[in-house]
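A.B. asks: pasting the structure only:
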């Protein structure tokens, strides 16, 4: 029974985490490259994922989580109730609600002390992302986000467009690798902390198939959280968003090995960016932006509330 729970838990969790969280890192990339064939974008993301996974496995003695599961042991006997969290996440993901997969999944295996540290680190991530996005976009919005600048972009020479295209793919690759280093812990929490080569290859195959399905469907419902924001389909905006997000994840990752919610950081960047653009450009969409920001923040807190409820339910079942 325990082995079945392990395999089911991994598959369900891998799909739910990737489907829910992949839009944080690749959402703007998919939006601004919507005219390209889906398998080209998938191959690019799959190559980086494979390299990041093998690097972590090789340099950490089989631990693909980069040490983030070091203080979160795998229970010796997994019961059916451990599937409640990934199943709940799967349902929420299918509804198109971006929630924190870190809280939804890792809270089942973590002590109250670790959960508290994860929450504090995630709140710090949101605050840093929100503040830095406001400052950066307040400085560059007139040059990159105004209607006049967007019209200029359409008339730019092909060489200039190629420059931004290369810059975007580089920034996306950097961001994608940093996100994976953070979220491999969520994906692999149901598997042994040190994987054999066979376990690594099988798990990688499953993940790549899940990504193939998601890319073919252009991100699914959660992609709306990106496309509804101002100019996110613009390649320059996508490049800057990805670069800021990647730097923040790298910085937060070096602070400690405690897992964090990358979703909160992502929502913080989009929120700060949206406010700065609409305020600086004196857009009539400012009131609408406030509503969207509050709505997005409410959505990501659903994951926190649900994860706490599930954790209490499981403790009740155990007793």
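C.D. replies: Yep, it's here. If you're wondering where the values come from, they're calculated on a predicted model, not measured in any experiment.

A.B. asks: Output the below-cut-off pLDDT ranges for the stretch 201-319 of the chain.
C.D. replies: 219-234, 280-289, 292, 303-304, 307, 311-312, 314-315, 317-319 (pLDDT under 70).

A.B. asks: how does it look with 90?
C.D. replies: 214-245, 253-257, 260-319 (pLDDT under 90).

A.B. asks: Could I get the contacting residues of the closest residue to residue 72 other than its chain neighbours?
C.D. replies: Of all residues not flanking residue 72 in the chain, residue 109 sits nearest, at 4.9 Å (Cβ to Cβ, 6 or more residues apart in numbering). Every residue, glycine included, has its C-beta placed from N, CA and C. Counting by Cβ atoms under 8 Å, 6 or more residues apart in numbering, residue 109 makes contact with 72-75, 189.

A.B. asks: Closest one of the residues you listed to residue 316?
C.D. replies: Nearest to residue 316 among those is residue 75, at 16.7 Å by Cβ to Cβ.

A.B. asks: follow-up on the earlier one: which of the contacts of residue 109 are buried, as a PyMOL select command?
C.D. replies: The buried residues among the contacts of residue 109 can be selected in PyMOL (16 or more other Cβ atoms under 10 Å) with this line:
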select buried, resi 72+189
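
A.B. asks: okay, who's weakest in the contacts of residue 109 by pLDDT?
C.D. replies: In terms of pLDDT, the lowest of the contacts of residue 109 is residue 75, showing 84.

A.B. asks: and the helix or strand harbouring residue 115, which residues are buried?
C.D. replies: Assessed by DSSP states H and E, residue 115 sits inside helix 112-144. Using 16+ other Cβ under 10 Å as the burial criterion, the residues of helix 112-144 that qualify are 114-115, 117-119, 121-122, 125-126, 128-130, 132-134, 136-138, 140-141, 144.

A.B. asks: for that helix, packing partners?
C.D. replies: With contacts taken as 3 or more Cβ pairs under 8 Å, 6 or more residues apart in numbering; DSSP states H and E, helix 112-144 sits against helix 235-255, helix 262-280.

A.B. asks: Just checking the distance from it to the centre of its chain.
C.D. replies: Centroid displacement of helix 112-144 relative to its chain, using Cα atoms, centre = their mean, to the nearest Å, is 14 Å.

A.B. asks: what mean pLDDT does that helix have?
C.D. replies: 85.

A.B. asks: Which phi and psi values does residue 56 adopt?
C.D. replies: Residue 56 adopts backbone torsions of phi -60, psi -40, taken as degrees, to the nearest 10.

A.B. asks: ditto for residue 52
C.D. replies: Dihedral angles (degrees, to the nearest 10) for residue 52: phi -70, psi -40.

A.B. asks: So it sits against residue 179, correct?
C.D. replies: No: if you go by Cβ atoms under 8 Å, residue 52 and residue 179 don't touch, sitting 9.4 Å apart.
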